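Undergrad: how does the following fold in three dimensions:
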Amino acid sequence: MSDRFSNRKWVIFDTSETGSIDFSQVLETSVSTLSLNLSGSQTFVKYEGSQPSSVSSLSSKSQEYAHSEILNILTGSAWMSDEDE
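TA: This next block holds a predicted model:
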């Protein structure tokens, strides 16, 4: 794995909570830059270092994922259709 992502973490959460994200605390810039799963029910943010307060306060958040872990999730059937391959 590249050192470029060694300090980066990802958290998946329900799209109903996107309004709770402080985009100055994460690497995405706005709601419109978030990626969604195929059903549109979940999204994720990435950040470096400690978990930002706006992320830690999410009630639907997943565990923190490392780069290799999030890649495995995002290439799964909930996030990528057969047509994407």
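
Undergrad: got a pLDDT number for the residue nearest to the spatial centre of the chain?
TA: The chain has residue 44 as the residue nearest its centroid, 2.0 Å off, counting by C-alpha atoms, centre = their mean. Here, the pLDDT recorded for residue 44 equals 98.

Undergrad: ok, now which ones touch it?
TA: Counting by C-beta atoms under 8 Å, 6 or more residues apart in numbering, residue 44 touches 10-13, 34-35, 70. Just so you know, the C-beta spots here come from the backbone N, C-alpha and C atoms, and that holds for glycine as well.

Undergrad: also residue 42?
TA: For residue 42, the contacting residues are 12-15, 36, 78, by C-beta under 8 Å, 6+ apart.

Undergrad: recalculate using a threshold of 6 Å.
TA: Going by C-beta atoms under 6 Å, 6 or more residues apart in numbering, residue 42 touches 12, 14.

Undergrad: distance of it relative to residue 73?
TA: Remark: distance between residue 42 and residue 73 (C-beta to C-beta, to the nearest Å) = 10 Å.

Undergrad: just give me how far the helix or strand bottoming out on mean pLDDT in the chain sits from the chain centre.
TA: Ranking every helix and strand in the chain by mean pLDDT, DSSP states H and E puts helix 67-74 at the bottom, with a mean of 95. Distance of helix 67-74 from the chain centroid (C-alpha atoms, centre = their mean, to the nearest Å) equals 10 Å.

Undergrad: quick check: buried residues in it?
TA: By 16 or more other C-beta atoms under 10 Å, the buried positions in helix 67-74 come out as 67, 70, 73-74.

Undergrad: how about stretch 55-67?
TA: In stretch 55-67, counting by 16+ other C-beta under 10 Å, buried: 55, 58, 61, 65, 67.

Undergrad: possible to save the buried residues of helix 67-74 as CSV with distance to residue 49?
TA: Below are the buried residues of helix 67-74 laid out as CSV (distance: C-beta to C-beta, whole Å):
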residue, distance to residue 49
67, 15
70, 16
73, 21
74, 22
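
Undergrad: rewinding a little: closest to residue 48 among the contacts of residue 44?
TA: residue 10 (10.9 Å; C-beta to C-beta).
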